[in-house]
Each structure stands twice: as structure tokens, then as C-alpha cells.
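Asks: sequence first, predicted coordinates after that:
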Amino acid sequence: MFILILHFTEIHIVNETGGHLLELVHKMGVDLRCGAACSKIRRIRYGHFDLSHCLVRQQWNYTNIISNFEKCMPALTDSMTDRMEQITLAEQLSSRVISSSKQTDS
């Protein structure tokens, strides 16, 4: 019996959850007609946040949490500003569609 073991050093996937990644690995194994496993998942970015914004368990204390929160505020503010701009744009487009449909009905 011949067994071939392939090792992928890294697969980079953007905007996927852990569950979707595991499903992708499973489907790859099915399509290749072999077993496939994910030995490690490491999220290096989530939205505006990356590893520089993280605290490891040993750093969980009041001082570090407050300091980290202050560090993250600009990213949170940018995210909220982006979201408000998206909502404003959607409202403007919606009002244009409604007003143009009223004009065509007339």
C-alpha cells in the first residue's frame, strides 16, 4: 500500500470564518478522493483589526485592556464612519429610486 502525504505550509483566505475554512478543506479532500485535515487556523485580521490590536491571555488586566481600547478607538471610529457613509449613500440612492418611480408613474 502506497500512502502519499502532502503538506501545505500556508493557505491564505480572506473574509472566511473558521467553519467555512474547515468546509473548504473537507471539500478539497472529497474532490481529491483523499483525506484532508486542517492542522491549524490562525486569524491574522478581522475587519480593521490585525494582530497588533490583540492581547494574549497573560495581558488581560485592567491597564492593558484600557490601553488597548484606546489604541483601537481610531479603527472603531473609522469603521463607524464608513458604516454611516454607506447608510447615507444607500438612503440617497433609495430616495432617488423612489422619486424616479413616482415621476414615471405620473
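Replies: Received it, and whenever you're ready, just let me know what you need.
Asks: which other helices and strands contact the longest helix belonging to the chain?
Replies: Secondary structure of the chain per DSSP state H: the longest helix is helix 62-105. Contact partners of helix 62-105 among helices and strands, from 3 or more CB pairs under 8 Å, 6 or more residues apart in numbering; DSSP states H and E: none. (Glycine included, C-beta is placed from N, CA and C.)
Asks: pull the distance from it to the chain's centre.
Replies: 17 Å (CA atoms, centre = their mean, to the nearest Å).
Asks: as a whole number, average confidence for that helix?
Replies: Averaged over helix 62-105, pLDDT sits at 76.
Asks: stretch 23-39 now?
Replies: 82.
Asks: that one: end-to-end distance?
Replies: Taking CA to CA, to the nearest Å, the first and last residues of stretch 23-39 lie 14 Å apart.
Asks: ok, stretch 49-57 next?
Replies: 17 Å.
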